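**Student:** How does the following fold in three dimensions:
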Amino acid sequence: MAADTKAAGSRDIIVIGIAGGTGSGKTTITRKIAERFGSEVTVLYHDNYYKARHDLTYDERVRLNYDHPDAFDTDRMIEDLARLKRGETIECPLYDYTIYDRSDQTLIVRPTRVIIVEGILIFHSKALRDLMDIKLFVDADADERILRRIVRDVKERGRSLDSVISQYLQTVKPMHEAFVEPSKRYADVIIPEGGMNQVAVDMVMNRVQYHLEGRDR
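**Tutor:** Residues are numbered from 1 along each chain as shown. The predicted structure follows:
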């Protein structure tokens with residue numbers, strides 16, 4: 001989402017990274033922040049930076065590993081985030097889950113005083129981490145995460161139950177253990193129980209409010 005406000009100066013911008021495993025609740029926390037602060041917040045989703053795979057057939061795209069760092073065009077996200085921090089408007093790519101490929105459409109994103117970067121692997125890249133002022137890792141039990149993923153992918157993304165379970169066992173779970181879980185060590189704060197942890201959510205909200213009121217300066 002983007003705000004139609006005048007460009008914020010880089011000194012006025014705070015970048016919050018929200019990472020965690022699939023179904024951990026990071027999107028819930030991101031949504032709560034965005035709903036509370038509205039036009040003061042811009043969100044960049046790492047998922048929108050999945051690499052374009054127009055050269056592959058649908059069946060070939062389905063079989064790709066989407067939970068490995070190489071699945072993302074993180075270099076472009078780093079460039080876009082750096083531009084936003086400089087007060088520049090960007091053209092963000094969009095990903096279409098129904099076709100397992102990048103959409104032909106893009107989204108105009110303007111800089112705001114609070115930028116949230118969300119994704120399972122946003123802490124994997126040091127260059128991306130270095131652009132963040134606050135790094136949050138949303139933690140949740142593995143059983144809860146797989147159940148949430150099933151509900152999301154079946155209801156919202158039109159996937160079959162068998163395909164979701166197969167993908168989880170073949171790529172999601174091993175990639176989580178290899179890349180997502182180890183990235184937890186880079187977090188400034190670890191939030192257990194995801195978006196249901198109201199104490200932690202309130203702490204994040206207060207930090208954002210602190211920044212917007214100009215008390216950082």
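
**Student:** Can you name the residues that contact Gly158?
**Tutor:** Counting by CB atoms under 8 Å, 6 or more residues apart in numbering, Gly158 touches Tyr97, Thr98. The C-beta positions use only the backbone N, C-alpha and C, and glycine is treated the same way.

**Student:** do that again at 6 Å, thanks
**Tutor:** Listed by CB atoms under 6 Å, 6 or more residues apart in numbering, the contact set of Gly158 reads Thr98.

**Student:** ok so it is a strand residue?
**Tutor:** No. When classified by DSSP: H, G, I helix; E, B strand; the rest coil, Gly158 is found to be coil rather than part of a strand.

**Student:** Using PDB, write out the CA atom coordinates for the helix or strand where Ala127 lies.
**Tutor:** Here Ala127 is covered by helix 126-129, with elements defined by DSSP states H and E. Output of helix 126-129 as PDB, limited to C-alpha atoms (Å, rounded to 0.1, in the frame of the first residue of the first chain):
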ATOM      1  CA  LYS A 126      22.800  -8.500   5.100                       C
ATOM      2  CA  ALA A 127      22.400  -5.600   2.600                       C
ATOM      3  CA  LEU A 128      18.700  -5.700   3.100                       C
ATOM      4  CA  ARG A 129      19.000  -6.000   6.900                       C
END
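
**Student:** moving C-terminal of that helix, what's the next helix or strand?
**Tutor:** Counting by DSSP H and E, what follows helix 126-129 is strand 134-139.

**Student:** Give the buried residues for that following strand.
**Tutor:** Residues of strand 134-139 classed as buried by neighbour count (16 or more other CB atoms under 10 Å): Ile134, Lys135, Leu136, Phe137, Val138, Asp139.

**Student:** Pairing partners for that strand, with directions?
**Tutor:** When pairs are called by DSSP bridges, strand 134-139 turns out to pair with strand 14-20 (parallel), strand 189-192 (parallel).

**Student:** Arg145 is nearest to which of those?
**Tutor:** strand 14-20 (8.7 Å; CB to CB).

**Student:** Buried residues of the closest one, list them for me.
**Tutor:** So, applying 16+ other CB under 10 Å, buried residues of strand 14-20: Ile14, Val15, Ile16, Gly17, Ile18, Ala19, Gly20.

**Student:** Could you look up the SS state of the closest residue to Asn65 other than its chain neighbours?
**Tutor:** Excluding its sequence neighbours, the residue lying closest to Asn65 (CB to CB, 6 or more residues apart in numbering) is Thr171, at 4.6 Å. When classified by three-state DSSP, Thr171 comes out as helix.

**Student:** Sounds good, over and out.
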